[in-house]
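Participant: Generate a structure from the sequence data that follows.
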Amino acid sequence: PGSTTDVVCSVKADLVHPSPSKPNQGILELNVDLSLCGGGGTLEASAGGGGAQKRRRQQREEESQITSLLQRLILPHAVNHESLVVWPGKYVWRL
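Facilitator: Below you'll find the model as predicted:
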């Protein structure tokens, strides 16, 4: 049988000034948000128990670990950062 895991992805694009240290490179960022995941977080929060705070701390730690791993594995190979330059030294895309 198939998986019941859903992955939701969104992309936000902003024109920004480039980093002074990399004036001819755009910016690619990645963020993981597990807030849509099930697993009892909403039940604990509605029950008012102290478990909700512990679960949220654990969730933030998991988000941080997954974000860090994906940044190391994917971002260096995902896109040519020079292709995100709109106006060299002035404007680049931040995705």
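Participant: pLDDT below threshold where in the chain?
Facilitator: Within the chain, the segments meeting pLDDT under 70 span 1, 36-49.
Participant: Tell me where it has strands.
Facilitator: Ranges of strands within the chain are 14-16, 85-87, 91-94, based on DSSP state E.
Participant: Could you single out the most deeply buried of these?
Facilitator: Most buried of those, by mean neighbour count (mean count of other CB atoms under 10 Å): strand 91-94, with a mean of 19. Heads up, the C-betas are built off the backbone N, CA and C, glycines and all.
Participant: Please name every helix or strand in contact with it.
Facilitator: Applying 3 or more CB pairs under 8 Å, 6 or more residues apart in numbering; DSSP states H and E, we find strand 91-94 packed against strand 14-16, strand 85-87.
Participant: Which residue is the nearest non-sequential neighbour of Ala78?
Facilitator: Nearest non-adjacent residue to Ala78, counting by CB to CB, 6 or more residues apart in numbering: Leu28, 6.2 Å away.
Participant: returning to what we had before: tabulate the helices and strands packed on strand 91-94 (CSV), appending distance to Lys22.
Facilitator: Shown next, in CSV, are those (distance: least, CB to CB, whole Å):
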stretch, distance to Lys22
strand 14-16, 12
strand 85-87, 10
